[in-house]
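> turn this into a model:
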Amino acid sequence: MNHVIKVLMVDDEERFRETTQKILEGRGFQMILAASGPEALTKLNENPDVAILDIKMPGMDGHELLEKIRDQNPDLPVIMLTGHGALPSARKALVKGAFDYLTKPCDIALLSSKIRDAYQQAHITAPAEEKQVAAVMVPIEEYTVLRSDLTIREALGALKDSFSSKIATSRLMETGHRSVLVTDEDGVLAGLLTIRGLLEAIMPSYLTAPKPSTADALQYSPMFWSNMFSTQIRQLGEKQIKTAMSPAPFTIDATANLMEAAYMMLEKNDRRLAVLSKGVLVGVIREQDLFFEMERILNS
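The predicted structure follows:
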């Protein structure tokens, strides 16, 4: 899809508007922001392709705004945002002509997918082609990347952040990646840093070495394990990431079909694949990205 989709975002919460603008512009959308229903009506002359309306707003709420948008621009697809306790209100909006609704907080990948679906339904008459990997991947700019010569101590903060929402408000969240990509000094993908990799790195070699059966009781006694975890962690902290990283993810081309990505994840027993375009790393596709696409297809 070469057209840059213009999205009118209407919400009275300033932090939510700014956060949404930052994330969605990073995913290739052009944002038009409005803090109220009346302001949104004036922004219709900027010809948005899709509108996202918060249902609960002071003054003109989302339902009233939806009706007025229908009067001025009946072909503009509208996505409604609502709280979990207001689902009947959101379903009512579908009857009034909304394209779809999402409950808050909503995952940014799902919101992005809904925006593209709404645009396709309104502007593309031919059957939509199945999406390629590039359409659902996480762009490399949004994925944490560290150099292999950094220490484990330096990397722990970044790995911790990868388990949390990268950018979040009460209404929007970006799913965590739960891993860190590792590159060598030349910027070439070299590996992956995960919690499992750290656990494997702190295992003393003698724990997996052959031992007489009489040593089993000693190994599992409380005294045997005492302070071992802390000691190993402190020793690991000053080592370089390369000593604890897992092999680099398997790669897939950005133009590949999603079924090929699903097959590779199962065949290689890997939850994520590195995405290349003309040999250059451009993103990562995860199993949750395929999950959101499953949901989109079943509900389209």
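
> tell me which other helices or strands the host helix or strand of residue 17 touches.
Using DSSP states H and E, the secondary-structure element containing residue 17 is helix 14-26. Other elements packing on helix 14-26 under the criterion 3 or more C-beta pairs under 8 Å, 6 or more residues apart in numbering; DSSP states H and E are strand 6-10, strand 30-34, helix 108-123, strand 172-173. Where C-beta positions appear, they are placed from N, C-alpha and C, glycine not excepted.

> would a markdown table of the ones you listed with mean pLDDT, mean neighbour count and distance to residue 157 be doable?
Written out in a markdown table, the entries for the helices and strands packed on helix 14-26 read as follows (pLDDT from 0 to 100; neighbours: other C-beta atoms under 10 Å; distance: least, C-beta to C-beta, whole Å):
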| stretch | mean pLDDT | mean neighbour count | distance to residue 157 |
| --- | --- | --- | --- |
| strand 6-10 | 96 | 23 | 31 |
| strand 30-34 | 96 | 18 | 30 |
| helix 108-123 | 88 | 20 | 22 |
| strand 172-173 | 46 | 22 | 20 |
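
> out of these, nearest to residue 62?
Checking the helices and strands packed on helix 14-26 against residue 62 by C-beta to C-beta gives strand 6-10 as the closest, at 7.7 Å.

> and that closest one, what does it pack against?
With contacts defined as 3+ C-beta pairs under 8 Å, 6+ apart, the secondary structure elements packing on strand 6-10 are helix 14-26, strand 30-34, helix 37-43, strand 50-54.

> so which residues make contact with it?
When contacts are defined by C-beta atoms under 8 Å, 6 or more residues apart in numbering, strand 6-10 is touched by residues 17, 20-21, 24, 29-37, 39-40, 43-44, 46-54, 57, 62, 65, 115.

> the helix holding residue 17 versus strand 30-34: what angle between them?
With axes from the mean of the first three to the mean of the last three C-alpha atoms, to 10 degrees as the basis, helix 14-26 and strand 30-34 are set at 170 degrees to each other.

> what number of residues lie near residue 20?
By the measure other C-beta atoms under 10 Å, the count of residues near residue 20 is 25.

> three-state assignment of residue 82?
Classification of residue 82 into helix, strand or coil gives strand, according to DSSP: H, G, I helix; E, B strand; the rest coil.

> which of the helices and strands packed on strand 6-10 is buried the deepest?
By mean neighbour count, with neighbours taken as mean count of other C-beta atoms under 10 Å, strand 50-54 ranks first of the helices and strands packed on strand 6-10 at a mean of 25.

> now that strand: how far from the chain's centre is it?
When distances are taken as C-alpha atoms, centre = their mean, to the nearest Å, strand 50-54 is centred 20 Å away from the chain's centroid.

> one more: stretch 70-81?
Averaged over its C-alpha atoms, stretch 70-81 has a centre that lies 27 Å from its chain's centre (C-alpha atoms, centre = their mean).

> what's the answer for stretch 181-192, then?
Distance of stretch 181-192 from its chain centroid, counting by C-alpha atoms, centre = their mean, is 21 Å.

> who's in contact with that stretch?
Judged by C-beta under 8 Å, 6+ apart, the contacts made with stretch 181-192 from elsewhere in the structure are 140, 143-149, 179-180, 193, 241-242, 245-249, 274, 281, 284.

> buried ones in that stretch?
Within stretch 181-192, the residues that qualify as buried are 181, 182, 183, 189, 190, 191, 192, counting by 16 or more other C-beta atoms under 10 Å.

> state the phi and psi torsions of the third one.
With angles defined as degrees, to the nearest 10, residue 183 shows backbone torsions of phi -120, psi 160.

> next: the fifth one.
Its backbone dihedrals place residue 190 at phi -120, psi -20, with angles given as degrees, to the nearest 10.

> can you put the helices and strands packed on helix 14-26 in JSON lines and add distance to residue 225?
As requested, the helices and strands packed on helix 14-26 are arranged in JSON lines below (distance: least, C-beta to C-beta, whole Å):
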{"stretch": "strand 6-10", "distance to residue 225": "53"}
{"stretch": "strand 30-34", "distance to residue 225": "54"}
{"stretch": "helix 108-123", "distance to residue 225": "41"}
{"stretch": "strand 172-173", "distance to residue 225": "38"}
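
> what about those, which gets the closest to residue 292?
For the helices and strands packed on helix 14-26, distance to residue 292 was read as C-beta to C-beta. The smallest value, 5.0 Å, belongs to helix 108-123.

> how far off centre is the helix or strand just after that closest one?
Remark: after helix 108-123, the chain's next helix or strand is helix 133-136, criterion DSSP H and E. Taking C-alpha atoms, centre = their mean, one finds the center of helix 133-136 at 12 Å from the center of the full chain.
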